[in-house]
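Enquirer: Fold the following, please.
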Amino acid sequence: MRPVWVIGNGGHAKVVIDALRLQRSCQVAGIISDDPAAPPVEPGLLHIGPVSPDVLRRHGVDRAIIAIGANSVRARIAAELDDAVEWVSAIHPSAIVSPTATIGTGILLAAGSIVQPSVAVGDHAIINTGASVDHDSVIGACAHIAPGAHLAGNVMVGEGTLVGVGASVIPGITIGTNAIIGAGSVVIRDIPDNARVVGNPARPIN
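Expert: Predicted structure coming up:
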């Protein structure tokens, strides 16, 4: 099993580490974060930092996954380190992924997630615990479909967008880039870039 480094030292890193180990195809080598003096989320794991190409080269890090829930931070680190490492994905064994789906690099498909036929999931995206993405949908790079969120068919989610916990999106909806869909919201209309919406039906908030 080849070693993989986990970039991040919070709760999301625990989820990623668990999925990596259950894949049984890689070994978690350690954690990289901007505060290497902090206790690692799992005692005993090697913890280095800060997150930079120089640190990665110094420690011989060549394979990694970004285990940070914040979309903008994940996107920034991906851009900074893209030429320095090979990105690895974490796919929990209980995730259901159609063979016709297209999955990017550096993604997390968490426990119980479902990715249906002809779905495209962009690089460094997260399909979190129990979330589902139905047929012909597109999830942009560094987007996050939070636990228990459900997207119907032909839904387009832009880069860096968060679809919150337990949110639902009806068929054919387009959600722009860097938008936030509040927890439990029901999206029945297209959502523009950078919008924040909540409620049933989802409405803009300031």
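
Enquirer: if I pick Glu42, what's in contact with it?
Expert: Shown in contact with Glu42 (Cβ atoms under 8 Å, 6 or more residues apart in numbering): Lys14, Ile17, Ile31. (Each C-beta comes from the backbone N, C-alpha and C, glycine too.)

Enquirer: can I assume it sits in a strand?
Expert: No: if the criterion is DSSP: H, G, I helix; E, B strand; the rest coil, then Glu42 is coil and not within a strand.

Enquirer: Just the buried residues of the contacts of Glu42.
Expert: Among the contacts of Glu42, those classed as buried by neighbour count (16 or more other Cβ atoms under 10 Å) are Ile17, Ile31.

Enquirer: Just the ones of the contacts of Glu42 in strands?
Expert: Ile31 (DSSP state E).

Enquirer: Same list (the contacts of Glu42) but as JSON lines, adding distance to Pro39 and pLDDT.
Expert: Shown next, in JSON lines, are those (distance: Cβ to Cβ, whole Å; pLDDT from 0 to 100):
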{"residue": "Lys14", "distance to Pro39": "13", "pLDDT": "97"}
{"residue": "Ile17", "distance to Pro39": "15", "pLDDT": "97"}
{"residue": "Ile31", "distance to Pro39": "10", "pLDDT": "97"}
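
Enquirer: I'd like the contacts of Glu42 as CSV, with distance to Ala120 appended.
Expert: CSV is the format used below for the contacts of Glu42 (distance: Cβ to Cβ, whole Å):
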residue, distance to Ala120
Lys14, 28
Ile17, 26
Ile31, 30
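
Enquirer: And the contacts of Glu42, which is closest to Gly148?
Expert: Lys14 (18.2 Å; Cβ to Cβ).

Enquirer: show me the contacts for that closest one.
Expert: So Lys14 contacts Val41, Glu42 (Cβ under 8 Å, 6+ apart).

Enquirer: Now do the helices in this protein.
Expert: Counting by DSSP state H, one finds helices in the chain at the ranges 11-23, 53-58, 71-81.

Enquirer: Alright, that wraps it up for me.
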